[in-house]
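Visitor: got a predicted structure here, sequence first:
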Amino acid sequence: MIYQSDPQETNSSLPEHSAGIRVGRELLKATKPYIEESSAQSWWYVGSTFGLMIAALVSAGAVPWWPLQLVFSVLGALLMVRAFITFHDYLHGAILKKSRVAYWLFHAFGALMLTPTRAWNASHNYHHGHVGQISEFSVGAFPLITARMWRDSTRWQRFTYRAQRNPLVVLFSYPIVFGLNITLIPLLKNPRKHLDSLTALVSHFALIAVVWMLGGFSLVFFVILLPMTLASAMGCYLFFAQHSFRSMKIASPEAWTYYRGGLESSSFMQMNRVMQWFTGNIGFHHIHHLNVRIPFYRLPEVMAAIPELQSPLTTTLAPRDIADCFRYALWDEDKQRMVSYREASQQ
């Protein structure tokens, strides 16, 4: 199922135009010419990405010197992140949605990456429909509560909230987020509905077993475990940081709209061109949330063409900004900004 949220069905307290600036449905309308994809271009990006990823991982297992294995393993992880963005775009219907070859390619990739499509779609579509809303539950996203809710919480509630937003969850997202939350838990809750989760678990561990038989633990480590750990952590952090950053805004339930959630609670992550390429332009996240049908390779074009999208709330991969994404974990309704646990507790 592809996310098909209709922004026109949400409440809107904002005018369609403000001093000549397009907002809401008018801004969404301005992005619609950019949903057109070039099938040849999409296949070029998908084919080159998957080809380079496979070559890097094969090299990580084939070269005889461990420092080179490490280099190729890290390169393979970066290419896994880019490949995942193409998978993500396919499931949104932004690229290659009518291709049967793409269907089997991305479903196989999702299984091997512990991202079964049924569970991913259910959680990720919910995320797109509720981004920027206060929730103590982690359905498709990390939980986010207000400073007042934090002060009214029990010790156990505070512990579970902090645990879910802990950097270690991001660092070890390979087993925690992908293995447990996205794959195993949906299967245990509803086995019939999530048979593809069982397929993903069997496929993933079968691949590990085959690689182990071919070359032992060292081969498994450099070809699967290390790149999966790095790619999962990088991807999970990008997702976390683009909806949990110091300058983000949260609208009240009465004022929340699909558009405001996308533009005020989603960041533009500034990166150099190399990282922008490896991350498949996912840094242009405010535009992606405004219109999920725009192919990843057209997002920079959209930002360059539409003035209203050129002054987004931003974050970066600088150490200080990374620390701030974890430090500022609560929304203060009185101060209208993100605050730290200590700051919230002192009020």
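Guide: Nice, I can see it.
Visitor: tell me who's in contact with the residue nearest the centre of the chain.
Guide: The C-alpha lying nearest the average C-alpha coordinate of the chain belongs to residue 239 (CA atoms, centre = their mean; 3.7 Å). The neighbours of residue 239, taking CB atoms under 8 Å, 6 or more residues apart in numbering as the test, are residue 141. Backbone N, C-alpha and C define where each C-beta goes, glycine included.
Visitor: ok so it is a strand residue?
Guide: No: judged by DSSP: H, G, I helix; E, B strand; the rest coil, residue 239 forms no part of a strand; its state is helix.
Visitor: summarise which helices and strands the helix or strand where residue 70 lies is packed against.
Guide: Taking DSSP states H and E as the definition, one finds residue 70 inside helix 66-91. For helix 66-91, the packing partners by 3 or more CB pairs under 8 Å, 6 or more residues apart in numbering; DSSP states H and E come out as helix 39-62, helix 100-112, helix 117-130, helix 226-241, helix 273-278.
Visitor: out of the ones you listed, deepest packed?
Guide: helix 226-241 (a mean of 22; mean count of other CB atoms under 10 Å).
Visitor: and the one helix or strand residue 185 maps to, how far from the chain's centre?
Guide: Taking DSSP H and E as the criterion, residue 185 maps to helix 185-189. With CA atoms, centre = their mean, to the nearest Å as the basis, helix 185-189 stands 21 Å off its chain's centre.
Visitor: can you pull the buried residues of it?
Guide: 186-187 (16 or more other CB atoms under 10 Å).
Visitor: show me what that helix is packed up against.
Guide: Short answer (3+ CB pairs under 8 Å, 6+ apart): helix 185-189 packs on helix 117-130, helix 195-220.
Visitor: quick one: secondary structure of the most far-flung residue of the chain relative to its centre?
Guide: What lies farthest from the middle of the chain is residue 64; by CA atoms, centre = their mean that is 34.7 Å. Secondary structure state of residue 64, per three-state DSSP, is coil.
Visitor: for the nearest residue to residue 196 once chain neighbours are set aside, give its distance to residue 193.
Guide: Leaving aside its chain neighbours, residue 196 sits nearest to residue 116 (4.1 Å; criterion: CB to CB, 6 or more residues apart in numbering). Distance of residue 116 to residue 193, computed by CB to CB, to the nearest Å: 11 Å.
Visitor: compare those two (neighbour count), which wins?
Guide: residue 116 (25 against 13; other CB atoms under 10 Å).
Visitor: still on that earlier bit, surely the residue nearest to residue 196 and residue 181 touch.
Guide: No: assessed by CB atoms under 8 Å, residue 116 is found out of contact with residue 181, at 11.7 Å.
Visitor: quick check: neighbours shared by residue 116 and residue 193?
Guide: residue 186.
Visitor: least reliable of the helices and strands packed on helix 66-91 going by mean pLDDT?
Guide: For the helices and strands packed on helix 66-91, the weakest mean pLDDT is recorded on helix 117-130, namely a mean of 91.
Visitor: and that one with helix 226-241, angle?
Guide: 20 degrees (axes from the mean of the first three to the mean of the last three CA atoms, to 10 degrees).
Visitor: and helix 117-130, what does it pack onto?
Guide: Secondary elements touching helix 117-130 (3+ CB pairs under 8 Å, 6+ apart): helix 66-91, helix 100-112, helix 185-189, helix 195-220.
Visitor: now render the helices and strands packed on helix 185-189 as TSV, adding distance to residue 109.
Guide: Below are the helices and strands packed on helix 185-189 laid out as TSV (distance: least, CB to CB, whole Å):
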stretch	distance to residue 109
helix 117-130	10
helix 195-220	10
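Visitor: indicate which one of those helices is closest to residue 165.
Guide: helix 117-130 (15.4 Å; CB to CB).
Visitor: next SSE after the closest one?
Guide: strand 145-146.
Visitor: just how off-centre is that next one within its chain?
Guide: That offset, for strand 145-146, works out to 21 Å (CA atoms, centre = their mean).
Visitor: direction included, what does that strand pair up with?
Guide: According to DSSP bridges, strand 145-146 forms sheet pairs with strand 328-332 (parallel).
Visitor: pull out the buried positions in the strand it pairs with.
Guide: 328-332.
Visitor: what of stretch 27-43?
Guide: Buried, per 16+ other CB under 10 Å, within stretch 27-43: 27-28, 30-31, 34, 37, 42.
Visitor: same deal with stretch 335-347?
Guide: So, applying 16+ other CB under 10 Å, buried residues of stretch 335-347: 337-341, 343-344.
Visitor: and for stretch 61-71?
Guide: Counting neighbours by 16+ other CB under 10 Å, the buried set in stretch 61-71 is 61, 69.
Visitor: pLDDT at residue 22, what is it?
Guide: Confidence score, pLDDT, at residue 22: 84.
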